[in-house]
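Participant: Quick one: sequence and predicted model below, then my questions.
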Amino acid sequence: MRKLSICLMLLFVAWHAVAQKQTYTTQSKAAVKAYEQATKYYDSRHNTAAITSLKQAIDKDAQFIEAHMLLADVYVDESRYDDAIASYKTAVNINPKFFPNNWYRLAQIEMRQGQYEQA
């Protein structure tokens, strides 16, 4: 009986771990779908397609912080620093405490662009 209880408990824990979904700052399924497609594009280094998908995600939910953050990262990879600054600023304006590293990345890019007072 004890072995059965342990097995059931382990099975429950394993099922629960697998069943958990990624949580995002949006409730829009369309925004999540576009964002997840963008991550696939970005991982494959198809940055233009990633930008398009991220803009679609943001069009579905302008408060979708993760989409703004990834868009900023793609812009950095594309050396589009002014666009990256704008995307990071949007992300931190939505929720300054969501991912504190955004402030650091924003300051790095502002320094690179010679925007010392903003950094």
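Facilitator: All right, it came through fine.

Participant: For stretch 74-81, what is the distance to the chain centroid?
Facilitator: Counting by C-alpha atoms, centre = their mean, to the nearest Å, stretch 74-81 is centred 15 Å from the centre of its parent chain.

Participant: residues making contact with that stretch?
Facilitator: Here stretch 74-81 makes contact (C-beta atoms under 8 Å, 6 or more residues apart in numbering) with 42, 47, 50, 51, 54, 83, 84, 87, 105, 109, 112, 113. Quick note: C-beta positions are derived from backbone N, CA and C, even for glycine.

Participant: separation between the first one and residue 34?
Facilitator: Between residue 42 and residue 34 the computed distance is 12 Å (C-beta to C-beta, to the nearest Å).

Participant: and what of residue 27?
Facilitator: 14 Å.

Participant: Who has more neighbours out of those two?
Facilitator: Neighbour count, other C-beta atoms under 10 Å: between residue 27 and residue 34, residue 34 has more, with 22 against 10.

Participant: OK, contacts around that one?
Facilitator: Going by C-beta under 8 Å, 6+ apart, the list of residues near residue 34 reads 53, 54, 56, 57, 60, 67.
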